[in-house]
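J.: Sequence and predicted structure, then a few things I'm wondering about:
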Amino acid sequence: MKQVTQRLRDGRIEVLDVPPPVLQPTGVLVDVRSSLLSAGTERSKVETGRQSLLGKARSRPDQVRKVLEKAQRDGLRDTVAAVRTRLDQPESLGYSAAGIVVEVGSGVADLAAGDRVACAGAGYAVHAELDYVPGNLCVRLPDGLGFDQGAFATVGSIALHGVRQAEVSLGETVCVIGLGLVGQLVGQILKAAGCRVYGIDLSDTLVRTALETGAIDGGAARSGMLPSPLAEGGACDAVIVTAATRSSDPVSLAAELCRDRGRVVVVGDVGMELPRAPYYEKELSLTLSRSYGPGRYDPEYEERGLDYPIGYVRWTERRNLEAFLSLIAQGRVDVDSLVRRRVPVDDAPAAYDELIDASESSLGILIQYPVSEAEAGGPVQSTSPAAAGQTRASASPLRAGVIGAGSFASRVLIPALSKGGFSLDAVASATGLSARAAAERFGFQRCETADALLGDPEIGLAVIATRHSSHAELAVRALRASKAVFVEKPPCLTPAELIELREARAEAGLPLFVGFNRRHAQLARRMREHVSASDAPLTVLYRVSAGPALSDHWLDDPAEGGGRLVGEGCHFVDFVSWLVGGWPSQVTCAIEPGARSIASARTFSITLAYPDGSVGSILYATGGAPGVRKELVEAHRDGRSAILDDFRGLSLFDGRRRKRSRGRGQDKGHDAQMAAMRDLLTGGADWSEMEDPLDSMTLTFAAVRAAEAGRAIRPERPVSSPASSV
């Protein structure tokens, strides 16, 4: 399918052929017929993309700060690689569209295939022939409304929510500062609510448009030429700021225009250096309007379909979408007068160029799409950047298909696969866009959907690098499709999924590899060799300083990431068990006091006690300083000690002797693991010598049970078949 994208490195706009998005249970697939290119938000995004790297840094100091923190924590090389990957990744554009539902997820009850709908959301209602949209961001179009009108729903609900925040009443006087697309719609909604409306903008054209459409009763192109009711100031019951500028002039002007105890609502992206005197002397209220209503930025609402009861939240973003479309259907808001151009999707780059170069705002530009293959009932085709009609080789265990092409897969896994001698056959991702980027960058033969990849009998190895919640399902499907599997850690999030994985592996008789790479690192193997010279008990301390916790990181979401203990703790449980070389007789776990749940805990400690007296302790915390190395491992046995410093350096102690080793950089064993996997798949190594990686998940879930019970747990070791000892 065709999708409009932007390269972050240089801001280049392209129309790419990408695989279609994947349907999720809580959403729908929509055959897009029209999408809105808004002159405000998207113009700003494209202008930022076309800046130099220095310009991008100046415009996003928050991102610069994150990069510096990552460099302190992970080192310069890894940080540079991550930034380069991010800059080369094409991004989706658009957030307001309309079309026809072609498929409905199992968790969506109020939409059906064939429904005509309006869609919302950055990353969802994008400029593409086929969109995946969560159910709470999708509403039916009223009878008689066209797709072009429906494409305005998102921008219209932004305007509507701003008006709601102003709490206007019939007959009040309101001024709109900024008469771009959102400002024009704010004016029309205010007029529909019975208000007297004035408008101010630096553009004569936009003021004239607002007057011609009836969005305002009077306006000015500069503050020095205000309509007579506003000329002396203090006449407005409310001022709604919809301008976009770094200057704080709009909020200063708003204070001048308001009466005593008036209301100022900021909708647009403007400077917020407030003049204290007028706001204090008039006792003005200041409110910010967040996008298109309650539910925005809440993953439980937007992604998982949890609605807010109408008795508690009357106007959610979905209900705002419906209300705005109703205003259009009733003839109380006119969006047709705001359309300046309609362009086919192939001409979208030229439309963006005009948007950037235009001296005046072009208001609404609509992108039009042909009937998609999905809506027409035809098969969804995979897409390849390679030459069409290329002859495919026969199946081989070294022919790899990768599902998931995010930052980690692009920076680490895919390069390691290539170095390990695997053939990069196909790549798939949830949206299709990252798969296309990976195909171009690494030379995959084609990019396509996960279903097509798993159904391809010529692919011998399925590599799963998606978010944690889908690991087990995809791994089971791949095994049942007669493929060997490499799945990133954790391979599953629940004990039930672990059982299903073991059963699927036993039925398939094929190997299952897990991304427990640290045990393959060269320095780690030297460490193990050094402390294995005696049969005395081994003491291990694994300290992890995970960096500052982000409140909205998907890893901390129990449903998607599993939380820190399961999602990351399994890595360190695996390493300690490998280093000791035995099965623990006792597992204890303590989490931070006050944590809402075990999954939400960001600090925890795990202790593994072994029958021979060995003890392994894992301390994981997020409160450390940015400059502290992430991982430090100490091992002590019978007068010998080893200290592994973040997989960059190793110090070995034997009596009074001390030996230091340093690698060329951080090496956590990814390349070595892929080489070992290649040898196993091609018969170069003995299955019986390998330990079962799923055993590490058994121990991790034992730690979860120990935290729940508040006492030690005795983990029962599963019996693994030879074919599963990978």
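T.: Nice, I can see it. Everything numeric in this text was worked out from a predicted model, so none of it was measured. Numbering: from 1, shown residues only.

J.: Centre of the chain to stretch 478-489, how far?
T.: Here stretch 478-489 is found 24 Å from its chain centre; the criterion is CA atoms, centre = their mean, to the nearest Å.

J.: Buried residues of it, list them for me.
T.: By neighbour count on 16 or more other CB atoms under 10 Å, the buried set for stretch 478-489 is 478-479, 481, 483-489. To be clear about C-beta, it is placed using only N, CA and C from the backbone, and glycine gets the same treatment.

J.: Mind listing residues that contact it?
T.: 397, 401, 404, 408, 413, 454-455, 457, 459-466, 471, 474-475, 501, 504-505, 507-508, 510-516, 570-571, 574, 677, 681 (CB atoms under 8 Å, 6 or more residues apart in numbering).

J.: and the end-to-end length of that stretch?
T.: End-to-end span of stretch 478-489 (CA to CA, to the nearest Å): 16 Å.

J.: which ones are touching the closest residue to L366 other than its chain neighbours?
T.: Leaving aside its chain neighbours, L366 sits nearest to R342 (4.7 Å; criterion: CB to CB, 6 or more residues apart in numbering). The contact partners of R342, taken as CB under 8 Å, 6+ apart, are 148, 365-368.

J.: And R342, what's its pLDDT?
T.: We have a pLDDT of 93 for R342.

J.: Pop out the phi and psi values for it.
T.: As for R342, its main-chain torsions (degrees, to the nearest 10) stand at phi -120, psi 130.

J.: Check V487 too.
T.: Residue torsions, per degrees, to the nearest 10, at V487 are phi -120, psi 130.

J.: how about low-confidence regions in the stretch 551-700 of the chain?
T.: By pLDDT under 70, the weakly predicted segments of the stretch 551-700 of the chain are 551-552, 684-690.

J.: my bad, the chain
T.: 40-87, 357-362, 372-395, 549-552, 684-690, 720-726.

J.: Pairing partners for the strand of greatest length in it, with directions?
T.: Longest strand in the chain, counting residues (DSSP state E): strand 27-38. Paired strands of strand 27-38, with direction, are strand 96-104 (antiparallel), strand 130-134 (antiparallel), strand 364-368 (antiparallel) (DSSP bridges).

J.: In terms of helix, strand or coil, where does D10 fall?
T.: Here D10 is coil, with the state taken from DSSP: H, G, I helix; E, B strand; the rest coil.

J.: Compute the distance between it and D88, please.
T.: According to CB to CB, to the nearest Å, D10 stands 10 Å off from D88.

J.: hmm, back to that, now, the most widely separated pair of the buried residues of stretch 478-489?
T.: Farthest-apart pair in the buried residues of stretch 478-489 is A481 and K489; separation 21.8 Å (CB to CB).

J.: what are the ranges of the helices in the stretch 1-150 of the chain?
T.: 41-49, 53-59, 61-74, 76-88, 147-150 (DSSP state H, counting those that start in this stretch).

J.: Quick check: bridge partners of L650?
T.: L644, S661.

J.: Is the residue nearest to F516 when sequence neighbours are not counted part of a helix or strand, or is it coil?
T.: Nearest residue to F516, sequence neighbours excluded (CB to CB, 6+ apart): D574, at 4.2 Å. Assigned with three-state DSSP, D574 falls in the helix class.

J.: try V251
T.: helix.

J.: same check, this time on the one 10 residues further on
T.: At R261 the chain is in strand, as set by three-state DSSP.

J.: Next one: it from T287, what distance?
T.: The gap separating R261 from T287 is 13 Å, by CB to CB.

J.: Mind checking which of these two has more residues around it?
T.: Shown here are R261 and T287; by other CB atoms under 10 Å, T287 has more neighbours (16 against 10).

J.: for that one, phi and psi?
T.: Dihedral pair for T287: phi -130, psi 140, per degrees, to the nearest 10.

J.: Write down the beta-bridge partners of it, one by one.
T.: V265.

J.: List the residues that contact it.
T.: Here T287 is in contact with 165-166, 263-266 (CB under 8 Å, 6+ apart).

J.: Reformat these into CSV and put distance to T209 and neighbour count next to each item.
T.: Below are the contacts of T287 laid out as CSV (distance: CB to CB, whole Å; neighbours: other CB atoms under 10 Å):
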residue, distance to T209, neighbour count
Q165, 24, 19
A166, 22, 26
R263, 26, 22
V264, 24, 27
V265, 22, 25
V266, 23, 22
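
J.: now those in TSV, with distance to W578?
T.: Below are those laid out as TSV (distance: CB to CB, whole Å):
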residue	distance to W578
Q165	56
A166	62
R263	63
V264	61
V265	59
V266	55
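
J.: What are the buried residues along stretch 581-590?
T.: 584, 586-589.

J.: again but with stretch 172-181, I slipped
T.: Residues 172-181 are the ones in stretch 172-181 that count as buried (16+ other CB under 10 Å).

J.: Filter the residues you listed down to just the ones in strands.
T.: 173-177.

J.: For V101, state which of these is nearest.
T.: Closest to V101 out of those is V176 (34.9 Å), distances taken as CB to CB.

J.: For the nearest residue to I365 once chain neighbours are set aside, which residues are in contact?
T.: With sequence-adjacent residues excluded and distances taken as CB to CB, 6+ apart, I365 is closest to L37, at 4.2 Å. Going by CB under 8 Å, 6+ apart, L37 touches 94, 127, 348, 351-352, 355, 364-367.

J.: Equivalent analysis for A153, please.
T.: Per CB under 8 Å, 6+ apart, neighbours of A153: 96, 98, 118-120, 139, 321, 324-325.

J.: can you rerun that using 6 Å?
T.: 118, 321, 324-325 (CB atoms under 6 Å, 6 or more residues apart in numbering).

J.: Nearest spatial neighbour of it, chain-adjacent residues omitted?
T.: A118 (3.7 Å).

J.: How about the one you found: which residues does it bridge to?
T.: Beta-bridge partners, per DSSP bridges, of A118: A98, V139.
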